[in-house]
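**Student:** Curious how this folds, go ahead:
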Amino acid sequence: MGEWQQIEIAGKWADVFAPTSPFRFAVLHLHGVGGETLTDNIAYTEVLNELSLACVCPHGQQSWWSDRICAEFDRERTAERYLLDEVIPWMESRWSLLPRSIGISGISMGGQGALRLAFKHPARFPVVAAVSSAIDYHEWFGQGTTIDEMYTSREQCRQDTATLHIHPSKQPSHIYFVIDPADEMWFRGNDRLHEKLRALGVPHQVDFETAAGGHSWAYFDRMARPTLRFIRDSLESIQLRLM
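**Tutor:** Purely as a prediction, here's the structure:
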């Protein structure tokens, strides 16, 4: 089994996993509000190792992985710019990865962040897989969280959600998102995203039927294998097309 290490990337900490076998692909995984990464998570670690996927889990605090300044994360640079300018280049250099060999994933806050980044930068993130995404996080505006510091209004926040960043003609080539049907807080936002993508004719895959405990680690862990398998198979298909 591969091991997790905590490594400093451009002055900020990240948890990094490298499988025991040779690998060609990697995953940038974004954590949720609680800050729990995949470090030592048995469900995800076993599948990462089995599928020969490297993984980087940056520590983003409650930045919502947005392109807005969150003082808790950094007073000068946004989480989005940090990922694009520092983490992705570090992954490519560290592991000598070919172009389009990195998928992006996330859970809850991280799920919406992964989707938004992929919709905004589809050439950089052709493969995205999100679990229990907190897409409609503008609903939390005014409740005393970091969201209140990053946005001036609920509407400004809504305009920055993943659903509002879908380009009419440029999208990631592989999109997958899942949510437990009992996840009352975030289900509607995922369903709304699904409806919009379907209306635009954007190919994507969803699972809104598997139930395993609502918005909880029981469900997150249950979806580890299908989520990481989607990323691995999608990256493989992209590389085959490039040959």
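**Student:** make it CA atoms for all contacts and neighbour counts henceforth
**Tutor:** Fine.
**Student:** Buried residues in the longest helix belonging to the chain, which are they?
**Tutor:** Across the chain, the longest stretch assigned as helix under DSSP state H is helix 224-242. Across helix 224-242, burial judged by 16 or more other C-alpha atoms under 10 Å covers 224-225, 227-232, 234-235, 238.
**Student:** Show me where the chain dips below the pLDDT cut-off.
**Tutor:** Counting by pLDDT under 70, the low-confidence segments of the chain come to 242-243.
**Student:** mind listing the strands in it by residue range?
**Tutor:** 3-9, 12-18, 25-30, 53-58, 102-107, 127-131, 174-178, 205-207 (DSSP state E).
**Student:** how about these, which one is nearest Asn41?
**Tutor:** When these are compared by C-alpha to C-alpha, strand 3-9 sits nearest Asn41, at 9.9 Å.
**Student:** Who are the packing partners of the closest one?
**Tutor:** Judged by 3 or more C-alpha pairs under 8 Å, 6 or more residues apart in numbering; DSSP states H and E, the packing partners of strand 3-9 are strand 12-18.
**Student:** got the CA positions of the strand it packs on in CSV?
**Tutor:** Provided in CSV are the C-alpha atoms of strand 12-18 (Å, rounded to 0.1, in the frame of the first residue of the first chain):
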residue,chain,number,x,y,z
LYS,A,12,0.8,25.8,2.2
TRP,A,13,0.3,22.2,3.4
ALA,A,14,-1.1,19.4,1.3
ASP,A,15,-1.6,15.7,1.9
VAL,A,16,0.0,13.7,-0.9
PHE,A,17,-0.4,10.0,-1.8
ALA,A,18,1.7,7.9,-4.3
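**Student:** So what touches it?
**Tutor:** With C-alpha atoms under 8 Å, 6 or more residues apart in numbering as the test, strand 12-18 has contacts from 2-8, 37-39, 49, 53-59.
**Student:** before we move on, what about stretch 40-52?
**Tutor:** Contacts for stretch 40-52 (C-alpha under 8 Å, 6+ apart): 1-2, 4, 18-25, 38-39, 54-55, 221-222, 224-225, 228-229, 232.
**Student:** quick one: buried residues of it?
**Tutor:** Per 16+ other C-alpha under 10 Å, stretch 40-52 contains these buried residues: 44-52.
**Student:** so what's Gln5 up against?
**Tutor:** Gln5 touches 15-17, counting by C-alpha under 8 Å, 6+ apart.
**Student:** what about stretch 68-88, distance to the chain center?
**Tutor:** 15 Å (C-alpha atoms, centre = their mean, to the nearest Å).
**Student:** how long is it from one end to the other?
**Tutor:** One end of stretch 68-88 sits 19 Å from the other (C-alpha to C-alpha, to the nearest Å).
**Student:** How about it, which residues are buried there?
**Tutor:** 68-71, 73, 78-80, 82-83, 87-88.
**Student:** so, if you compare those, which one comes nearest to Gly113?
**Tutor:** Closest to Gly113, out of all of those and judged by C-alpha to C-alpha, is Glu80, at 8.7 Å.
**Student:** What residues does that closest one make contact with?
**Tutor:** By C-alpha under 8 Å, 6+ apart, the neighbours of Glu80 are 65-67, 117.
**Student:** picking that back up, in JSON lines: the buried residues of stretch 40-52, plus distance to Pro122.
**Tutor:** Output for the buried residues of stretch 40-52, formatted as JSON lines (distance: C-alpha to C-alpha, whole Å):
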{"residue": "Tyr44", "distance to Pro122": "25"}
{"residue": "Thr45", "distance to Pro122": "26"}
{"residue": "Glu46", "distance to Pro122": "28"}
{"residue": "Val47", "distance to Pro122": "25"}
{"residue": "Leu48", "distance to Pro122": "23"}
{"residue": "Asn49", "distance to Pro122": "26"}
{"residue": "Glu50", "distance to Pro122": "27"}
{"residue": "Leu51", "distance to Pro122": "24"}
{"residue": "Ser52", "distance to Pro122": "24"}
